[in-house]
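> Mind folding the following:
(chains A, B, C and D, ligands or ions: 2)
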Amino acid sequence: MPVYSEKVMEHFMNPHNVGEIENADGIGEVGNPVCGDMMTFYIKVDDNRLSDVKFQTFGCGAAIAVSSIVSEMAKGKTLEEARKITPALVAEELEGLPKNKYHCSNLGAQALNKAIDDYLKKLGKEAKTRRRKKDEGA
Amino acid sequence: MPVYSEKVMEHFMNPHNVGEIENADGIGEVGNPVCGDMMTFYIKVDDNRLSDVKFQTFGCGAAIAVSSIVSEMAKGKTLEEARKITPALVAEELEGLPKNKYHCSNLGAQALNKAIDDYLKKLGKEAKTRRRKKDEGA
Amino acid sequence: MKRAYLDNAATTPILPEVVEAMLPYLRDAYGNPQSLHQWGDEARETIEEARGQVAALIGAQTEEIIFTASGSEANNFAIKGLAQAQQSKGKHIVISAIEHFSVLHSARTLEKWGFEVTEVPVGRHGLVDADEVAKRIREDTILVSIMHANGEVGTIEPIAEIAKATKKTGTLLHTDAVAAAGTIPVDVKELGVDALSLAANQFYGPNGVGALWLKKGTRIIPFVDGGVQEGGRRAGTENVPAIVGMGKAAELAQHDMSSRMTRLSRLRDRLIQGLSSTIDHTILTGHPTQRLPGNASFCIQFIEGEAMLMLLSSKGVAASSGSACTSRALKSSHVLAAMGIPPEIAQGSLLFSFGLENTEGEVDYVLEVLPPIVDRLRQMSPLYAKFLKQQRGGR
Amino acid sequence: MKRAYLDNAATTPILPEVVEAMLPYLRDAYGNPQSLHQWGDEARETIEEARGQVAALIGAQTEEIIFTASGSEANNFAIKGLAQAQQSKGKHIVISAIEHFSVLHSARTLEKWGFEVTEVPVGRHGLVDADEVAKRIREDTILVSIMHANGEVGTIEPIAEIAKATKKTGTLLHTDAVAAAGTIPVDVKELGVDALSLAANQFYGPNGVGALWLKKGTRIIPFVDGGVQEGGRRAGTENVPAIVGMGKAAELAQHDMSSRMTRLSRLRDRLIQGLSSTIDHTILTGHPTQRLPGNASFCIQFIEGEAMLMLLSSKGVAASSGSACTSRALKSSHVLAAMGIPPEIAQGSLLFSFGLENTEGEVDYVLEVLPPIVDRLRQMSPLYAKFLKQQRGGR
Ligand SMILES: Cc1ncc(COP(=O)(O)O)c(C=O)c1O
Ligand SMILES: Cc1ncc(COP(=O)(O)O)c(C=O)c1O
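Ligands and ions are numbered 1, 2, ... in the order given. So this is what the prediction gives:
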């Protein structure tokens, strides 16, 4: 096996937060199966905080472990705090990753960010819709 | 060791007719130390027959074995018979020689032939001398 | 924990008889075959005996065998050495799209040296079509190299037919028989080739030794330059114990060939049938019948190979995969790609390769542990989720 | 019959500890280090440990070691790979006149590829003069390769001095340390070189494994093309047992270096003194003091090497010779020629090389059996007869 840390193995063997959130507040999908890895992150936001994070991942051991740790790291954080989860932090939290697996830690952080973007976009749209409705009502 | 036949080994370990014949009737020297092998053959001729053959050889195992077998083959033969000792016959008599040692069997036959040439040349000279003497006496 | 080594394509265990044959040469009989004394004599006689055993395995003459340090070296030697020896006649060579990297990358090096390389495509079962090879042979084609069997997908190529094509044009034909020799019957005369590579670690011999068979009279430029070993064609002190091991392994392979083939294909077929019937959305890769006896290779859809290997390993099962994530270079198998398998499916590549130590019990063990592994990974897979949704949507 | 193996320059016996270290990898631990499972993991960890041991022997960093199948391969790799990697800067290389054939013939191949090669001559003791090297470095010189120690005559070259010259011009310096590493202290940093070849069979490790040390950051073109083994720089399934053996042998060599040197030089000096005092017209070849601890090499005048070896062998003594008749190609040693030894004297070349198994008793045995052998061959020698006559005539 690639020389994975114990922490990677732990998260790979028992990944946390696997699955889909029905009616998620935000969804972030990155990668694509042609390149080898694909991750979808689902978030639930309450009061600007990630009250739930789930993921689905197609990919190698590192990709799965990264997804799991990112979901753990993100859960309970405010959106601003969650934005600060960088690939380097992910790798650190996993006690290192083999060089050729660094891109997996990128993917994890990206997917989370995209989910937050998605949430904010929807929020913006809702806000707009609300504003529009207000305008229309006015 | 090169893959020498038992016969080669026998003649190498116990070469026959090593040495110099004092006042030889013919001497044949071939090869040169720069090329790796050098043989000197000494012959004694009685009644057109090789009554004694000796050799000195600087060279490898094959060269020594070839010298020994050629001296054996030649001894007791008439000059004409001795001329018929070819490299192929030498190699055959030794139950084969490694390819890169064929030239040694050439050397053996050559040295013997040169010794016979030398004898005949001297004989010719003697004959000439005798004739000259006769002529002078006449 | 149960353990099942089903990665014999990577390397086979060495048979105990082979190790036994090697031991004296690791211990007391340490002579250098080039030396002129008893130690050297013994070593030299020994490697000549081994040369004969290897020659016999492939129906060759003893002196046509050149020992190398690996299958890769034999392939480098063949491709570079034959091309260089022939370059006054032309600078074009033909290989297949599914060659082992040691052939493929040697060909790339030739390109840097000014040669031109054409790749013959393969069909979806990985078969090279002899006519397709023939079409690519030009005036200046000096060498064709098509592998005998592909270790990743098991497909056995029609080398004898290809040889008919190369004979017509008088083009040299090399075959990389590393995955074939010692496993299935390989006879250089029946094949009609000019050069053939093989390696001991594919038939229960040691690592570190392979051979190039070169038809008598075929000119080649040495690859490893130096001393006069191997008739001046391959320099370096001979690896006597490894060569002895290869000889012994060749002898055993020749002797037991058909019983081994029967055994391995039974295991293979049991796994193929079992797996196909217990796991949905699974593709058998390679040729359905024209395949190596021990090769059972699949693509399991919606999931990725490395993750499967890790979970299999946690159950004691050793296998391999051609997925991008399992390769250092993060590229998925060029063999699967050449066969037209889409990259996302190639990601699910999984190869079981059987050897003499394997049992039906091990097959059954795989059939027991693999389905839950696949399930588990599919449960995590966004691709599988999408597929399920589409299916539901589609109905 | 007594037996004395005094041909350790050809190959050393493998130490029992080394064989023991290798055995598990010949038996149960047969994994391929590239495989993604427990067998592979174990094999990978093992070869990384061995890499560390080899690195430690020469004061290098672990990841700078690239395993090869032999010293010859390491030299081919270095010469061809470094030259090709640098060819945009120039196409001139410098080697010494006494390099091993694996360097010399690699350089010949480079000539065919359009490179130019200059040979630095050596002095009568086989020493390369650093100034002479410096003089030959040109604008377009991209590589200098000078051996660390010569196995035939034992001379140890002033590599650190030569490195000063190459550093000035920024030219890469490779040294073939096959005969030196594991035998005398070799430290890549102290030497100041960029690349260094070594082989296990010179320090009681197995055949079939060597290494190229390459200073971090040095670019090289792979020699064996193929898979990604050895960081993509040397393809072919790793020869795990042999690599383990090399690691163990390196560890032992490092640990016992000075005691081994003391032992071997005592044997060497005993033979040199004994032989010089019992056999007339004998020349010690190589440097009188700057020489390998186990090397006692001579030319015995008026007779030829192969004949001596055969008679020594009949007494159980194994040695070697650089005479023309002992070589396949029937050319006498280019090393002796480069040192200015006339060909007829080079024919009498005789090399004893000591190893850890040898004893003073064996030296004394040689001193007992060799003089009669020399006498016997001289009695047969026309050269000796002439010499005697001249001497008598001269008086
Ligand atoms: C078809 C084929 N060729 C060449 C090789 C190279 O063998 P090695 O890595 O032992 O040099 C392999 C290895 O599995 C192979 O399957
Ligand atoms: C200095 C030197 N270089 C290279 C080699 C080549 O080693 P091998 O024949 O084991 O490849 C030798 C062998 O003795 C040597 O002495």
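
> quick one: contacts for the residue of the stretch 51-200 of chain C found nearest chain B?
Per Cβ to the nearest Cβ, C:E63 is where the stretch 51-200 of chain C lies closest to chain B, at 12.0 Å. Every C-beta, even on glycine, is put in place using the N, C-alpha and C of the backbone. With contacts taken as Cβ atoms under 8 Å, 6 or more residues apart in numbering or on different chains, C:E63 has the following neighbours: C:R51, C:K216, C:G231.

> Dead centre of chain A: give me the residue that sits there.
Nearest to the centroid of the C-alpha atoms of chain A, with distances taken as Cα atoms, centre = their mean, sits A:L112, at 2.6 Å.

> do the stretch of helix or strand that residue belongs to and chain D meet?
Using DSSP states H and E, A:L112 sits within helix A:102-137. No - contact of helix A:102-137 with chain D (Cβ under 8 Å from any Cβ of the partner chain) is absent, the minimum separation being 15.6 Å.

> list the helices and strands that helix packs on?
Here helix A:102-137 touches strand A:26-32, strand A:37-46, helix A:61-74, helix A:79-83, helix A:87-93, going by 3 or more Cβ pairs under 8 Å, 6 or more residues apart in numbering or on different chains; DSSP states H and E.

> partner strands of the second one, parallel or antiparallel?
Pairing partners of strand A:37-46, with direction, according to DSSP bridges: strand A:26-32 (antiparallel), strand A:49-58 (antiparallel).

> re the thing from before, buried sites along the helix holding A:L112?
Within helix A:102-137, the residues scored as buried using 16 or more other Cβ atoms under 10 Å in any protein chain shown are A:102-116, A:118-119, A:122.

> Likewise for stretch A:83-90?
Buried residues in stretch A:83-90, defined by neighbour count with 16+ other Cβ under 10 Å: A:I85, A:P87, A:V90.

> For the first one, give its distance to B:S51.
So that's A:I85. A:I85 sits 108 Å away from B:S51 when distances are taken as Cβ to Cβ, to the nearest Å.

> And the last one, by the same measure?
Here A:V90 is placed at a distance of 102 Å from B:S51 (Cβ to Cβ).

> Flag the shaky bits of the chain, pLDDT-wise.
Unless you meant another one, I'm taking chain A. Scanning chain A for pLDDT under 70 picks out A:1-2, A:134-138.

> wait, chain C
Residue ranges of chain C with pLDDT under 70: C:394-395.

> how about the residues of it that lie near ligand 2?
Counting by Cβ under 6 Å from any ligand atom, chain C comes close to ligand 2 at C:G227, C:G236, C:T237.

> ok, for the first one, nearest residue in space, not its chain neighbours?
Computed as Cβ to Cβ, 6 or more residues apart in numbering or on different chains, the closest residue to C:G227 that is not its neighbour in sequence is C:A235, at 4.7 Å.

> isn't C:Q290 right up against C:V153?
No - the criterion here is Cβ atoms under 8 Å, and C:Q290 misses it with C:V153 at 11.0 Å.

> So for these two, which sits in the more crowded spot?
Using other Cβ atoms under 10 Å in any protein chain shown, the more surrounded residue of C:Q290 and C:V153 is C:V153, with 28 against 15.

> Quick check: the gap between C:I93 and C:S323.
Here the distance between C:I93 and C:S323 works out to 30 Å (Cβ to Cβ).

> after the longest helix along chain C comes which helix or strand?
Secondary structure of chain C per DSSP state H: the longest helix is helix C:240-278. As assigned by DSSP H and E, the chain's next helix or strand after helix C:240-278 is strand C:282-284.

> about what we covered before: which one of the helices and strands packed on helix A:102-137 is the most hemmed in?
Highest mean neighbour count among the helices and strands packed on helix A:102-137 (mean count of other Cβ atoms under 10 Å in any protein chain shown): helix A:61-74, with a mean of 27.

> Determine the angle, from 0 to 180 degrees, between it and strand A:49-58.
Angle of helix A:61-74 versus strand A:49-58, following axes from the mean of the first three to the mean of the last three Cα atoms, to 10 degrees, is 170 degrees.

> right, is helix A:61-74 up against chain D?
No - against chain D, helix A:61-74 shows no contacts by Cβ under 8 Å from any Cβ, the least distance being 9.1 Å.

> Is that helix positioned near chain C?
Yes - under the criterion of Cβ under 8 Å from any Cβ, chain C is reached by helix A:61-74 at A:G61, A:A62, A:A63, A:I64.

> With stretch A:5-16 instead?
Yes - using Cβ under 8 Å from any Cβ, stretch A:5-16 reaches chain C at A:F12, A:M13, A:P15.

> How about residues contacting that stretch?
Here stretch A:5-16 makes contact (Cβ under 8 Å, 6+ apart) with A:4, A:61-62, A:64-65, A:67-69, A:71-72, A:93-97, C:307, C:310-311, C:314, C:380.

> who's in contact with the residue in the stretch 151-300 of chain C positioned nearest to chain B?
Closest contact between the stretch 151-300 of chain C and chain B, by Cβ to the nearest Cβ, is at C:V228 (10.3 Å). C:V228 sits next to C:Q34, C:A235, D:S327, D:R328, D:A329 when contact means Cβ under 8 Å, 6+ apart.

> Export those as TSV, with columns for neighbour count.
Rendered in TSV, the data for the contacts of C:V228 read as follows (neighbours: other Cβ atoms under 10 Å in any protein chain shown):
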residue	neighbour count
C:Q34	19
C:A235	25
D:S327	19
D:R328	15
D:A329	11
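
> of all those, which two lie farthest apart?
When Cβ to Cβ is used, the two most widely separated members of the contacts of C:V228 are C:A235 and D:S327, lying 13.7 Å apart.

> on that earlier part again, closest to chain D out of the buried residues of stretch A:83-90?
Among the buried residues of stretch A:83-90, and counting by Cβ to the nearest Cβ, the member closest to chain D is A:V90, at 22.3 Å.

> Could you measure from A:I43 over to ligand 1?
Applying Cβ to the nearest ligand atom, to the nearest Å, the value for A:I43 to ligand 1 is 46 Å.

> Same question for C:G192.
As judged by Cβ to the nearest ligand atom, C:G192 and ligand 1 stand 19 Å apart.

> Neighbours of that residue, how many?
Neighbourhood size, C:G192 [other Cβ under 10 Å]: 18.

> In contact with it: list those residues for me.
Neighbouring residues of C:G192 by Cβ under 8 Å, 6+ apart: C:I159, C:A160, C:A163, C:K164, C:K167, C:L173.

> Name the helix or strand for the fifth one, please.
Pointing back at C:K167 there. Using DSSP H and E, C:K167 sits within helix C:159-169.

> could you point out which element follows that helix?
strand C:172-176.

> Who are the packing partners of the next helix or strand after that next one?
Using DSSP H and E, the next helix or strand after strand C:172-176 towards the C-terminus is helix C:188-191. For helix C:188-191, the elements it packs on are helix C:159-169, judged by 3+ Cβ pairs under 8 Å, 6+ apart.

> Taking strand C:172-176 as reference, get the angle to the helix it packs on.
In terms of direction (the same axes, to 10 degrees), helix C:159-169 departs from strand C:172-176 by 160 degrees.

> which other residues reach helix C:159-169?
Helix C:159-169 has contacts (Cβ under 8 Å, 6+ apart) with C:128, C:130-131, C:133-134, C:137, C:141, C:144, C:146, C:148, C:172-173, C:175, C:190-193.

> ranges for the helices of chain C?
Ranges of helices within chain C are C:16-26, C:38-57, C:71-86, C:101-112, C:130-136, C:159-169, C:188-191, C:229-232, C:240-278, C:305-314, C:334-338, C:343-346, C:360-380, C:382-394, based on DSSP H.

> so does the longest one get close to chain D?
Yes - in this structure, helix C:240-278 sits against chain D according to Cβ under 8 Å from any Cβ; the contacting residues are C:V240, C:P241, C:A242.
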